[in-house]
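In: Got a sequence here, can you model it:
(one chain, ligands or ions: 2)
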Amino acid sequence: MPNLDLIDSFAPELTAIRRDLHAHPEVGFEEHRTSGIVAEKLAQWGVEVHRGVGGTGVIGLLKGKGGGNKRIGLRADMDALPMEEKTNLPWRSTIPGRFHGCGHDGHTTILLGTARYLAETRNFDGTAVFIFQPAEEGLGGARAMIADDLFQRFPCDEIYGLHNAPNLGPRQVKVFAGPGMAGADFFDITITGYGSHGAMPEKSKDPVVIAMTLGQALQTIVSRNVDPLQSAVLSITQIHSGSAYNVIPGEAKLAGTVRAFSDDVRKQIRERMRTLAAGIAAAFQVEITVDIRDIFTVLINHEEHSNAVAEVARTIVGDENVSTTPTPKMGSEDFADMLLAVPGAYFWLGHEGSVPLHNPGFVLDDEILPVGASLFSRIIETRMPTSA
Ligand SMILES: [Zn+2]
Ligand SMILES: [Zn+2]
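Out: Ligands and ions are numbered 1, 2, ... in the order given. Presented below is the predicted three-dimensional model:
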């Protein structure tokens, strides 16, 4: 099963774009160079460009043949991670502490390739809306674009997004309806006790002991309160307190993340966290503040659009490479917020390589670029067919 010929013909150029983006990674809302390159390429290919949507976001608008009114959005995220790259690739990051460790350089390039193909061929009836989103990695780029009236200014009837997947084989596509990625909260808990000499605990309200008690208590929420048939995670990922061997500190902080696929479960966990914190605060006569922030919405694919992606994928990568078996992930993805506003689907596209996403040694296989661009392009052509 083939990629689109025209896209294959400019695949080397896509590889060059991707490697240049890779060498110059920018973190969320700082994608100035990246969005500049995106805007320049789109304009060069005859796509109408709108910049500064939700910060560094870029929108490209392209009308196909015919006067159809349907509009389909395709979204790519552009941000890198604040981490060091540990590969020896010639195109490795040139910026310390910045790395495209999630392959968003590939996503951006795939959408650029799609725009170029569609601008040259225009074999569709309607408007393609290319959405280049900033700040996917926990910084709220999708919400920033939506708050900036993304879908009022650039309405979409359907929307699609993809993510590279080193855990799937080359050219393998995974798409399924229903919940696919978890909703996520980040939390910060501050215990304000009373410090004293390490030898005189009776003079203190020791926040370290209270933090350990609270940490243990929080672990009972998923194991003892959440329905065992629901999936949920509560991870305390940071504990900060103290600075000396002989000083009981006055304050301790816990931080972490909560994941679940149901908004009811998320609500239940938040309530239990606050109740346990309040109870432990009362028991130990200290103040405990709990700040829980909703960072990611549960990603829910729509059935019609998931089926449409699977249909298209079969023509590009072959039946044997398309899986529609539901395998939800506890990770999160802010395309979920766009799917709340507009029906659509998010899918995974496999590539060569075994190092996972967000690992300092992650490598994106450039072979994925023409495959992804072919999939996106055919989604536009099949969902907005020309009558001719
Ligand atoms: Zn990521
Ligand atoms: Zn990602």
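In: Could I get the full set of strands for the stretch 1-150 of the chain?
Out: 48-53, 57-63, 71-77, 127-133 (DSSP state E, counting those that start in this stretch).
In: Does the last one pack against any helices or strands, and if so which?
Out: For strand 127-133, the elements it packs on are helix 32-44, strand 57-63, strand 71-77, helix 104-121, helix 141-147, judged by 3 or more CB pairs under 8 Å, 6 or more residues apart in numbering; DSSP states H and E. All C-beta atoms are positioned from the backbone trio N, CA, C, and that covers glycine.
In: can I get these in CSV with distance to A310 and mean neighbour count?
Out: Shown next, in CSV, are these (distance: least, CB to CB, whole Å; neighbours: other CB atoms under 10 Å):
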stretch, distance to A310, mean neighbour count
helix 32-44, 28, 18
strand 57-63, 25, 22
strand 71-77, 17, 25
helix 104-121, 18, 25
helix 141-147, 24, 22
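In: Out of the ones you listed, which is closest to A278?
Out: helix 141-147 (29.3 Å; CB to CB).
In: Name the residues that touch the helix or strand just after the closest one?
Out: Using DSSP states H and E, the helix or strand that follows helix 141-147 in sequence is helix 150-153. Residues outside helix 150-153 that contact it (CB atoms under 8 Å, 6 or more residues apart in numbering) are H50, V53, G54, G57, I59, I131, M338, A341, V342.
In: From G256, how far off is H351?
Out: Distance of H351 to G256, given as CB to CB, to the nearest Å: 31 Å.
In: Out of the two, name the residue with the larger neighbour count.
Out: H351 (24 against 18; other CB atoms under 10 Å).
In: S223: neighbouring residues, count only.
Out: 10.
In: hang on, I meant S243
Out: 6.
In: quick one, what contacts it?
Out: Going by CB under 8 Å, 6+ apart, S243 touches P249.
In: looking at this, it is in a strand?
Out: No: counting by DSSP: H, G, I helix; E, B strand; the rest coil, S243 is not part of a strand but coil.
In: So what pairs up with I239 in the strands?
Out: L254 (DSSP bridges).
In: can you pull the contacts of it?
Out: By CB under 8 Å, 6+ apart, I239 lies in contact with A211, G215, A252, K253, L254.
In: Buried among those? Need that as a selection in ChimeraX.
Out: Selection of the buried residues among these in ChimeraX, burial being defined by 16 or more other CB atoms under 10 Å:
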select :211,252,253,254
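In: Between all of the contacts of I239, which two are separated the most?
Out: It's G215 and K253 that sit farthest apart of these, by CB to CB, at 11.4 Å.
In: mind checking the longest helix of the protein?
Out: If you go by DSSP state H, the chain has its longest helix at helix 263-284.
In: what's the very next helix or strand once past that helix in contact with?
Out: Using DSSP H and E, the next helix or strand after helix 263-284 towards the C-terminus is strand 287-296. For strand 287-296, contacts defined as CB under 8 Å, 6+ apart pick out 138, 140, 181-192, 210, 214, 258, 266, 270, 273-274, 277-278, 280-281, 332-334, 336.
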